[in-house]
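Novice: The sequence isn't on hand, but the structure is:
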Ligand SMILES: Nc1ncnc2c1ncn2[C@@H]1O[C@H](COP(=O)(O)OP(=O)(O)OP(=O)(O)O)[C@@H](O)[C@H]1O
Ligand SMILES: O=C(O)[C@H](O)[C@@H](O)[C@H](O)[C@H](O)CO
């Protein structure tokens with residue numbers, strides 16, 4: 001079961017969710033499955049990167065704060081506008097730093113982060129079996145270097161990425177139901 005430090009402040013329904021983690025941790029896979037299980041829309045943050053960001057990573061260069069800021073703002077605005085229309089969504093986004101996460105939830109403070117947490121070796125092995133549009137596996141170390149662990153005051157569920165997608169979706173869904181009912 002995931003570790004949870006999310007207060008049950010949700011009166012009802014599912015909050016916006018950001019499935020986060022380093023490249024290759026499973027954000028797209030789990031985000032897609034979780035959204036389908038919850039019956040809400042999924043948006044892959046990777047699709048919202050400006051082409052300059054994709055080109056920079058494809059060239060083997062990690063993004064910096066300046067590269068990410070406008071991308072994160074696009075995601076934050078989308079989460080906020082969908083929520084304002086009564087449509088919580090699931091978003092896949094690395095959300096590596098605390099200040100990124102604060103920017104992402106600026107318009108939707110009820111958002112819950114789902115951190116796919118696990119060892120570099122496991123993620124590296126998974127990356128070796130897939131071809132990404134632009135992200136080279138050589139940037140994995142920079143992803144871990146940039147990653148700032150979630151802090152206790154952040155609304156988050158931390159899940160073990162070695163579990164199967166079905167197991168992860170089931171445990172996160174159960175945790176969210178418990179929050180919604182206050183149990
Ligand atoms: N829970 C899991 N168990 C086994 N394999 C998984 C799991 N989650 C994802 N994978 C596999 O790991 C690889 C990376 O997954 P995915 O592309 O979803 O990660 P990601 O975090 O979105 O990566 P990136 O950020 O680089 O796009 C894929 O081949 C995927 O099929
Ligand atoms: O914050 C970042 O450095 C980027 O979002 C990367 O994480 C990639 O876009 C994503 O992981 C696809 O590989």
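Specialist: Everything's here; your move. This structure is a prediction, so every number in the text was calculated from the model and none was measured. Numbers count the residues shown, from 1 in each chain. Ligands and ions are numbered 1, 2, ... in the order given.
Novice: quick one: pLDDT of residue 133?
Specialist: Residue 133 is assigned 89 on the pLDDT scale.
Novice: That should have said residue 37, apologies.
Specialist: 96.
Novice: contacting residues for it?
Specialist: Contact analysis of residue 37 by CB atoms under 8 Å, 6 or more residues apart in numbering lists 169, 173. Using the backbone N, CA and C atoms, a C-beta is placed for each residue, glycine as well.
Novice: Which of the three states applies to it?
Specialist: helix (DSSP: H, G, I helix; E, B strand; the rest coil).
Novice: do residue 87 as well
Specialist: Following three-state DSSP, residue 87 is assigned to coil.
Novice: Tally up the residues packed near it, please.
Specialist: Residue 87: 12 surrounding residues under other CB atoms under 10 Å.
Novice: ok, and the closest non-adjacent residue to it?
Specialist: Nearest non-adjacent residue to residue 87, counting by CB to CB, 6 or more residues apart in numbering: residue 41, 6.7 Å away.
Novice: In the chain, where is pLDDT below threshold?
Specialist: Counting by pLDDT under 70, the chain contains low-confidence ranges at 1-12, 182-183.
Novice: Show me where it has its helices.
Specialist: 27-38, 51-58, 65-84, 98-104, 120-127, 140-146, 165-181 (DSSP state H).
Novice: Out of those, which one sits most buried?
Specialist: Of all those, helix 27-38 carries the top mean neighbour count, a mean of 20, counting by mean count of other CB atoms under 10 Å.
Novice: picking that back up, could I get the helices of the chain as CSV with distance to residue 92?
Specialist: Listed next are the helices of the chain as CSV, based on distance: least, CB to CB, whole Å:
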stretch, distance to residue 92
helix 27-38, 4
helix 51-58, 15
helix 65-84, 10
helix 98-104, 12
helix 120-127, 15
helix 140-146, 14
helix 165-181, 13
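Novice: Now the terminal residues of stretch 95-108, how far apart.
Specialist: 15 Å (CA to CA, to the nearest Å).
Novice: hmm, that stretch touching ligand 2?
Specialist: Yes. Stretch 95-108 lies within reach of ligand 2 by CB under 6 Å from any ligand atom, at residue 96.
Novice: Verify the stated contact: residue 24 with residue 128.
Specialist: No. At 9.2 Å, residue 24 does not count as touching residue 128 under the criterion of CB atoms under 8 Å.
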